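Novice: What follows is a protein structure lacking sequence information:
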């Protein structure tokens, strides 16, 4: 590890320790790292948007004579009206356009991926003659009961309530499995950081002595 | 036409307009019947008729229920238990004289979960204005800021306290996920809100936020439709609004006919889907797979 790498890795190790110091309690080191990451990310994203959106998607097409790009440009400019109390209403068409276009794109996609494909995948053969068929039956019952929990037009009482309760238990079993899996992933991230710190300090000690 | 009788045609004019438009597209553009290799050139993909049928059905029932709601017909929706938890958390913050923190997720305003969070935010602002305690709203996406400002301002105005609205409390933090999480954690630690309300779309930062809120001793109510983040909220929060309950909560709180109608429409759609599932499973069990194949999307 060269001197420059040692210094930059030292900065990284210092910031990692600053963030981990939060585990003890809020302190000036954590505050410093927090403000640094918030400030750097704000500047970083401003530059990303400038070079990846503003220049290639507005300025370059306009300079190339594609005049219709002026429309999103005007919509973007209207957002600056937010700074004026008198004219801040001018930003509403832009917001409406963003929300409307987002919903227009999202609805067919959600319907395709979260409804039709799920319906297709859940139409499984059921029966009592083999374990796979019994498992399929269990899957369908769990899907039914989970959907029942999210049925809002009826009170959860009686048999309907029992089905909804079974549905929420099904969801909780799923959440438990998801929680365990993600915690394992987080532990892996922690292990990676610990290995980084160990290697850095080993390199530092060997460089110093 | 069976569902919408001709004698009541004026009531269903929007639906008929959509059907008319679709028929016009099919008639005007003959390319809908082109061969598979030319599908990218055509307006209509015959392989995705199932999508069209589902879309028309969903929109049909939702428009029907929205019209019913607009006419003032009573549409029953069961009370969501999470609503009581929100009121309890705000009440507790008032008793302690400490602020309320509302985190509307980290996605942009064109995401439906953020829209639902904004509706809930308006109602929370109204509640908070009545109790005269600060409401902090840290924001991750710039486009969400004006919408959140409007919602909070409206909430304060409808509570009769427009003077109590403080624009500085709706704060943009950062677009970067973990920088935003660090900023919100900072607010939790320094301003010590007593109620943390986390509604919207969350990702890996969910556990960081919920765990920090737990450490500060705040009452936490969370709601998201991001399935992979729900376990963390269930573990670290006092009450969790699960999945579609988030949208139901926004509809229940706003009493907006469009939202109520959408919720009722989606309930009917769920019942139909359950029926389709049962029928499909029975048919597949008897070796009839044509019905199931109709739902296959290329």
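Specialist: Everything's here; your move. Please read these numbers as outputs of a predicted model, since none were measured by experiment. Numbers count the residues shown, from 1 in each chain, chains lettered A, B, ... in the order given.

Novice: what's the spacing between stretch B:158-170 and its chain's center?
Specialist: 25 Å (CA atoms, centre = their mean, to the nearest Å).

Novice: likewise stretch A:16-24?
Specialist: Stretch A:16-24 has its C-alpha centroid displaced from the chain centroid by 23 Å (CA atoms, centre = their mean).

Novice: swap in stretch A:38-51?
Specialist: Put simply, stretch A:38-51 sits 18 Å off its chain's centre (CA atoms, centre = their mean).

Novice: Dihedrals phi and psi, residue B:241?
Specialist: Dihedral pair for residue B:241: phi -90, psi 120, per degrees, to the nearest 10.

Novice: before we move on, what about the one 3 residues further on?
Specialist: With angles defined as degrees, to the nearest 10, residue B:244 sits at phi -70, psi -20.

Novice: likewise residue A:157?
Specialist: Main-chain dihedrals, residue A:157, degrees, to the nearest 10: phi -130, psi 160.

Novice: Let me know the distance separating residue B:79 from chain A.
Specialist: Separation of residue B:79 from chain A (CB to the nearest CB, to the nearest Å): 9 Å. C-beta: built from backbone N, CA, C; applies to glycine.

Novice: go on, residue B:161?
Specialist: Distance, residue B:161 to chain A, by CB to the nearest CB: 18 Å.

Novice: nearest residue to that residue other than its sequence neighbours?
Specialist: Ranked by CB to CB, 6 or more residues apart in numbering or on different chains and with sequence neighbours excluded, the top spatial neighbour of residue B:161 is residue B:129, at 4.3 Å.

Novice: Show the average pLDDT along stretch B:270-285.
Specialist: Averaging pLDDT along stretch B:270-285 gives 96.

Novice: Just confirm yes or no for it near chain A.
Specialist: Yes: judged by CB under 8 Å from any CB of the partner chain, stretch B:270-285 comes into contact with chain A at B:270-271, B:273-274, B:276-278, B:280-285.

Novice: Which residue lies nearest the spatial centre of chain A?
Specialist: residue A:182 (13.9 Å; CA atoms, centre = their mean).

Novice: wait, does the helix or strand of chain A with the lowest mean pLDDT make contact with chain B?
Specialist: Least confident helix or strand, chain A: helix A:92-110 with a mean of 89, by mean pLDDT, DSSP states H and E. Yes: judged by CB under 8 Å from any CB, helix A:92-110 comes into contact with chain B through A:95, A:98-99, A:101-103, A:106-108.

Novice: sec struct for the one residue in chain B that gets nearest to chain A, please.
Specialist: Proximity of chain B to chain A (CB to the nearest CB) peaks at residue B:110, 2.3 Å away. Put simply, residue B:110 is coil when judged by DSSP: H, G, I helix; E, B strand; the rest coil.

Novice: which residue does chain A bring closest to chain B?
Specialist: residue A:102 (2.3 Å).

Novice: Contacts only, for that residue.
Specialist: B:108-111 (CB atoms under 8 Å, 6 or more residues apart in numbering or on different chains).

Novice: What does the residue of chain B closest to chain A show for phi and psi?
Specialist: Dihedral angles (degrees, to the nearest 10) for residue B:110: phi -80, psi 0.

Novice: Output the longest helix belonging to the chain.
Specialist: Because you didn't say which chain, this covers chain A. If you go by DSSP state H, chain A has its longest helix at helix A:158-208.

Novice: That was the other one, I meant chain B.
Specialist: helix B:257-285.

Novice: For it, buried residues please.
Specialist: Buried residues in helix B:257-285, defined by neighbour count with 16 or more other CB atoms under 10 Å in any protein chain shown: B:257, B:259-270, B:273-274, B:276-277, B:280-281, B:283-285.

Novice: Kindly report the same for stretch B:84-93.
Specialist: For stretch B:84-93, the buried set under the neighbour-count rule, 16+ other CB under 10 Å, comprises B:85-86, B:89-90, B:92-93.

Novice: And the contacts of it?
Specialist: Residues outside stretch B:84-93 that contact it (CB under 8 Å, 6+ apart): B:99-100, B:120, B:124, B:127-128, B:131, B:133, B:193-197, B:219-221, B:238-239.

Novice: Centre of the chain to that stretch, how far?
Specialist: With CA atoms, centre = their mean, you get 21 Å for stretch B:84-93.

Novice: ok, now stretch A:47-56?
Specialist: With CA atoms, centre = their mean, you get 22 Å for stretch A:47-56.

Novice: try stretch B:271-282
Specialist: Put simply, stretch B:271-282 sits 25 Å off its chain's centre (CA atoms, centre = their mean).

Novice: Please apply the same query to stretch B:73-89.
Specialist: Counting by CA atoms, centre = their mean, stretch B:73-89 is centred 15 Å from the centre of its parent chain.

Novice: circling back: mind giving me the packing neighbours of the longest helix of chain B?
Specialist: Where contact means 3 or more CB pairs under 8 Å, 6 or more residues apart in numbering or on different chains; DSSP states H and E, helix B:257-285 is packed against helix A:117-122, helix A:131-149, helix B:49-70, helix B:245-254, helix B:290-293.

Novice: orientation of that helix relative to helix A:131-149 in degrees?
Specialist: Compare the direction of helix B:257-285 with that of helix A:131-149 by axes from the mean of the first three to the mean of the last three CA atoms, to 10 degrees and you get 160 degrees.

Novice: what about the helices in the stretch 1-150 of chain B?
Specialist: Ranges of helices in the stretch 1-150 of chain B, per DSSP state H, counting those that start in this stretch, are B:13-28, B:49-70, B:81-96, B:112-131, B:144-158.

Novice: Mind putting those helices into TSV with mean pLDDT?
Specialist: Converted to TSV, the helices of the stretch 1-150 of chain B look like this (pLDDT from 0 to 100):
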stretch	mean pLDDT
helix B:13-28	64
helix B:49-70	92
helix B:81-96	91
helix B:112-131	93
helix B:144-158	94
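
Novice: is it possible to export those to TSV including distance to residue A:112?
Specialist: Listed next are the helices of the stretch 1-150 of chain B as TSV, based on distance: least, CB to CB, whole Å:
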stretch	distance to residue A:112
helix B:13-28	18
helix B:49-70	6
helix B:81-96	29
helix B:112-131	15
helix B:144-158	26
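
Novice: What average pLDDT does stretch B:178-198 get?
Specialist: Average pLDDT, stretch B:178-198: 94.

Novice: for that stretch, which positions count as buried?
Specialist: Within stretch B:178-198, the residues scored as buried using 16+ other CB under 10 Å are B:178-189, B:193-198.

Novice: near chain A at all, that stretch?
Specialist: Yes: counting by CB under 8 Å from any CB, chain A is contacted by stretch B:178-198 at B:178-180, B:182-183, B:185-186, B:189-190.

Novice: Mind picking the two most distant members of those?
Specialist: Spanning the widest gap among these are B:178 and B:190, at 18.4 Å by CB to CB.

Novice: can you give me phi and psi for residue B:239?
Specialist: Main-chain dihedrals, residue B:239, degrees, to the nearest 10: phi -150, psi 140.

Novice: tally of neighbours for residue 126?
Specialist: Assuming you mean chain A. For residue A:126, the count of nearby residues is 20 (other CB atoms under 10 Å in any protein chain shown).

Novice: I was after chain B.
Specialist: Using other CB under 10 Å, residue B:126 is surrounded by 20 other residues.
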